[in-house]
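Here's my sequence, what's the structure:
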Amino acid sequence: MNRHMIVSTRLGELTLVASDGALAGVYFPHHWVKPMPLGERVESDPVLSEAARQLDEYLAGDRTTFELPTTLTGDDFQLRVWSRLQDIPCGTTITYGEIAAEVGGHAQLVGKVVGQNPLSIVIPCHRVVGKNGTLTGYAGGLPRKQFLLDLEEPAEVRLF
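Modelled structure (predicted):
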């Protein structure tokens, strides 16, 4: 049974959804794609509290990966795209076309599936950019996408 918690973050409020013992959704306000059934709103939950803690660490620049049990529901193509998103290293980007070349389909279809990612931030769809590195759609809005990319930008190396 699903349950959800609303948490305040540096990016604004996020709705976190758990299904059984796994994180199933991370949604921004006014998310493009309607979220799954949220279930009961809870104030305390081990899965959701741990997700909130790791998201805070990530947004503070203290974490680059997530160690959370997650669950995804989708068709084979969606699951392939979302799996590929999980392999994009922190601090790097890939284009929709490059993902399409790897998993099949075309860039527009990949873009649609990326936009349906139910685990924003945790599955790093913000690391997918348009042709020539242009910022294109993001369920949380382009300013949030830019914030996340800037957060992950490798620190400048200085030689002394």
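
And stretch 133-145, what's buried?
Gly137, Tyr138, Ala139, Gly140, Gly141, Arg144, Lys145 (16 or more other Cβ atoms under 10 Å). Using the backbone N, CA and C atoms, a C-beta is placed for each residue, glycine as well.

Take those and write them to TSV, including secondary structure, pLDDT and distance to Asp45.
TSV is the format used below for the buried residues of stretch 133-145 (DSSP: H, G, I helix; E, B strand; the rest coil; pLDDT from 0 to 100; distance: Cβ to Cβ, whole Å):
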residue	secondary structure	pLDDT	distance to Asp45
Gly137	coil	83	31
Tyr138	coil	86	27
Ala139	coil	84	23
Gly140	coil	86	22
Gly141	coil	87	27
Arg144	helix	93	24
Lys145	helix	93	28
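
between these, which is nearest Met5?
Nearest to Met5 among the buried residues of stretch 133-145 is Gly140, at 17.6 Å by Cβ to Cβ.

correct me, but that closest one touches Thr15?
No. With contact defined as Cβ atoms under 8 Å, Gly140 does not count as touching Thr15 (11.7 Å).

Per the annotation, how does this structure divide into domains?
2-59, 76-152 (automatic domain parsing).

what ranges do the strands span in the protein?
For the chain, applying DSSP state E gives strands covering 2-9, 12-19, 22-27, 40-41, 94-95, 128-129.

Now those strands in TSV, please, with extra columns for mean pLDDT, mean neighbour count and distance to Gly104.
As requested, the strands of the chain are exported to TSV (pLDDT from 0 to 100; neighbours: other Cβ atoms under 10 Å; distance: least, Cβ to Cβ, whole Å):
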stretch	mean pLDDT	mean neighbour count	distance to Gly104
strand 2-9	96	17	31
strand 12-19	95	20	28
strand 22-27	96	24	25
strand 40-41	94	10	38
strand 94-95	94	18	15
strand 128-129	94	22	16
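
Reformat those as JSON lines; add distance to Ile121.
Output for those, formatted as JSON lines (distance: least, Cβ to Cβ, whole Å):
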{"stretch": "strand 2-9", "distance to Ile121": "9"}
{"stretch": "strand 12-19", "distance to Ile121": "8"}
{"stretch": "strand 22-27", "distance to Ile121": "6"}
{"stretch": "strand 40-41", "distance to Ile121": "20"}
{"stretch": "strand 94-95", "distance to Ile121": "16"}
{"stretch": "strand 128-129", "distance to Ile121": "13"}
